[in-house]
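Visitor: Sharing a model that was predicted from the sequence below.
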Amino acid sequence: MKLQISHETVYRYARPIRNLVQSLRLTPSAFEGQKTHEWLIDVSGGIRGPGFRDGAGDWIEGWTVRGPAEEVTVSITGRIDTRDTAGVLRGHREMIHPMTYLRDTDATRPDSALRDLAGQADGPTDALGLAHMLSQLVSDRIAFRPGVTKSGTTAAEALALGEGVCQDHTHALIAIARTRGLPARYVSGYLHSTIDGKAHDAAHAWAEIHVGQLGWVGFDAANRCCPDERYVRLGSGADASDAAPIRGVALGTGAEELDVRVRVEEMTQ
Amino acid sequence: MGEVMSSYNEMYEGDRVRDPYARLRDWVETMPDDFRQMKQAEAEALFRRIGITFAVYGEGGDPDRLIPFDMMPRVFEQAEWRRLERGIKQRARALNAFLRDVYGRGEIIRAGRIPARLVYQNEAYEKAVVGVVPPRGVYSHIIGIDLVRTGKDEFYVLEDNCRTPSGVSYMLENREIMMRMFPQLFRGNRIEPVDQYPELLRRTLESVAPAKCSDRPTCVILTPGHFNSAYYEHSFLANLMGVELVEGQDLFVDGEFVYMRTTTGPRRVDVIYRRIDDPFLDPLCFRPDSMLGIPGLMDVYRSGGVSICSAPGAGVADDKAVYTFVPEMVRFYLGEEPILKNVQTWTLWRDDDYRYVMEHLPELVVKEVHGSGGYGMLVGPKSTKAEIAAFRAKIEANPSNYIAQPTLALSTCPTFVEEGIAPRHVDLRPYCLCGDRIELVPGGLTRVALREGSLVVNSSQGGGVKDTWVLSE
């Protein structure tokens, strides 16, 4: 697919802030499934800082806004060609050993319910089959329902609730995959449309599981599929907070309001 | 075992009292009692006045308690020291080579010489710095290697400290106070100086400035603040090196670099000697709730805009489980045989080791993998049956949290006691500096277990410190 993406994040501060520092993971990954043609990142009133590719293969960009500022907008516009690799992250250059992604984080630490769920996947003898089954278990046990969980909800809490959004599905899948000895990580990105053709208007997240020879393979438990040409991959981490597309801290005391607009459209030349 | 264990007494060479100790013994014997008491009181007053108090090696405890200072120095002869020095430098080279490797291609793991799990699933392994090669390939710039001696030529490494080893201020102050109180001792013995340490440390830090730094590098010491138990040391070193002592809020990231707020405006910082732990360095990369760190610091570091000493992630080399593989690192990276020995270590997550240790608890020392400060450990021969039983239950609950070692017959040095001098067990922490060169000042911090028969030298458990002499040829 030829996709046109615009993504705007507006921060509004009750009191002006100074010295805002951001670390952005907002550039599409380079692998066989994606070819980026144009990609512009801008932070209003900001200075572009260090840019580098990290050990996970993600392009990281630091920005600072000296301020004072009452409003800061992070905007992305870009064009990218995507193609279906059946979820396989082929041709992606990275250095981090997969085993590093077996370590738990606070958001993915398994409780007994998650361990039970992980144990329910029996049958498949190969890692890929097991990963598919684990993903399906999460899809079955956590219904998609926005508004019931928040950004700090853990995998264990989401499973207990039985409802959540893509972040919760992803944390739960990561937790049970790691329990079964499969390295797993959190991927953030965009989704053009759900399988029924409905446009998706928010940032998206899914899991990647490392399955031996094949390497990293994506699993979107929230949508019961593997990522294909409708998906745009930005970067990864051990959990949502580690993989966050935007991390920032400013000097200031007031409240902060956030407004996000994402549009992923297919270009009709 | 236990009480009958015989220890090497560093005062003797066979039956003969070694020369330097013979001179020191005469010094003690001709010292009137009241003079000694007066000097002891004077030493205490000096320590108190300069503000150096309790916390050594981040053990915590009462920050205002004075660590006992023993006026009887510990002495190494030149030849003894040269061999130790070679061993320490060799180990420091191997540890840095290991860090370079595990944050790069992981050759030692591919070669099957160290289990992958031990490195990649280690809490101290930082995936955020994979592929980042710091200037000169040095990750750990100040390595504190804890040594014990069991015989004339037998030294064992108890542990390596690759992150931010503390205690060097004691090495410097112990010497300073001895020289002030007993100048005649330093005239009668040719003792190698240690007071060049701050200058060497500064040179080491400057030698690892980032490539983007074109002028004389600006170095700072980053402290968590005055409530930290080692704050005295942070300000002491900053003072002696002539660099700024800063807290997180004094530094900020702007564009591609880190700056320090000064009265004359922002000043770029090239090298940060940090005395805060990895998780608190930068809320954008590690713990989001850290108030101590500098937002954006890691992005600047990872893009080569600033050096951090020690490098984030250096802790993976000094874990107690990784420790067992350091001799292997020496062979693998340097192609040399290790000069310093490791203590035999049983890792309790291995079934065979577990069985052996559980059957021999009364003979062994058992430690927590991530423990420090002499807490959470069992010294079998010095423990009651009830204490051993209680510890056994702790191990059973979480075997992989423990390692065990034989109880070593730590060497003794003459030490001031009520009746004059008597042997007390000691250990040694030298501080190895790694930059463009590897440097070691002749000496280190000697800790002494002041209680008779005690093997625990930690200041939180009744340990004290001594001046450590290396004699010139």
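Guide: Okay, I see it. Because the structure is predicted, anything quoted here is derived from the model rather than measured.
Visitor: Enumerate every residue touching the closest residue to chain B within the stretch 51-200 of chain A.
Guide: Taking Cβ to the nearest Cβ, chain B has its nearest neighbour within the stretch 51-200 of chain A at residue A:55, 3.0 Å off. The way it works is simple: take the backbone N, C-alpha and C, and place the C-beta from them, glycine included. Residue A:55 makes contact with A:94, A:95, A:96, B:103, B:127, B:128, B:129, B:130, B:131, B:132, according to Cβ atoms under 8 Å, 6 or more residues apart in numbering or on different chains.
Visitor: Most neighbours among those residues, which one?
Guide: Comparing the contacts of residue A:55 by number of neighbours (other Cβ atoms under 10 Å in any protein chain shown), residue B:103 comes first, having 27 neighbours.
Visitor: leaving aside the residues next to it on the chain, what's closest to that residue?
Guide: Of all residues not flanking residue B:103 in the chain, residue B:130 sits nearest, at 5.4 Å (Cβ to Cβ, 6 or more residues apart in numbering or on different chains).
Visitor: just residue A:199 next, same as before
Guide: The nearest residue in space to residue A:199 (Cβ to Cβ, 6+ apart) is residue A:193, at 5.3 Å.
Visitor: My understanding was that the one you found contacts residue A:231; is that so?
Guide: No: counting by Cβ atoms under 8 Å, residue A:231 is not a contact partner of residue A:193; they are 10.2 Å apart.
Visitor: With neighbour numbers in mind, choose between the two.
Guide: residue A:231 (28 against 15).
Visitor: Can you check the pLDDT for that one?
Guide: Residue A:231 is assigned 96 on the pLDDT scale.
Visitor: Residue B:58 too?
Guide: 51.
Visitor: Spell out which parts of chain A neighbour chain B.
Guide: Those residues of chain A that sit near chain B, judged by Cβ under 8 Å from any Cβ of the partner chain, are A:19, A:21-23, A:47-52, A:54-56, A:60, A:62, A:64, A:66, A:95-97, A:99-100, A:102-103, A:238, A:241, A:247-249.
Visitor: Please list all residues in contact with the nearest residue to residue A:255 once chain neighbours are set aside.
Guide: Once flanking residues are discounted, residue A:255 sits nearest to residue A:14: 4.4 Å by Cβ to Cβ, 6+ apart. Neighbour list for residue A:14: A:254, A:255, A:256, A:257 [criterion: Cβ under 8 Å, 6+ apart].
Visitor: Could you measure from the first one over to residue A:16?
Guide: According to Cβ to Cβ, to the nearest Å, residue A:254 and residue A:16 sit 8 Å apart.
Visitor: Could you break chain B into its assigned domains?
Guide: B:2-341+B:408-470, B:344-406 (automatic domain parsing).
Visitor: Any chance of the backbone angles for residue B:362?
Guide: The phi/psi pair for residue B:362 (degrees, to the nearest 10) reads phi -60, psi -20.
Visitor: Check the gap between the closest residue to it other than its chain neighbours and residue B:407 for me.
Guide: Nearest non-adjacent residue to residue B:362, counting by Cβ to Cβ, 6+ apart: residue B:380, 4.6 Å away. Residue B:380 sits 6 Å away from residue B:407, going by Cβ to Cβ.
Visitor: Give the residues shared as contacts by these two.
Guide: B:363, B:364, B:365.
Visitor: Only alpha carbons, please: show the helix or strand where the last one lies as PDB.
Guide: Secondary structure assigned from DSSP states H and E places residue B:365 in strand B:364-368. The C-alpha atoms that make up strand B:364-368 are tabulated as PDB, following Å, rounded to 0.1, in the frame of the first residue of the first chain:
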ATOM      1  CA  LEU B 364      30.700 -22.000  53.900                       C
ATOM      2  CA  VAL B 365      30.000 -18.300  53.300                       C
ATOM      3  CA  VAL B 366      26.700 -17.700  51.500                       C
ATOM      4  CA  LYS B 367      25.900 -14.400  49.900                       C
ATOM      5  CA  GLU B 368      23.000 -12.800  48.000                       C
END
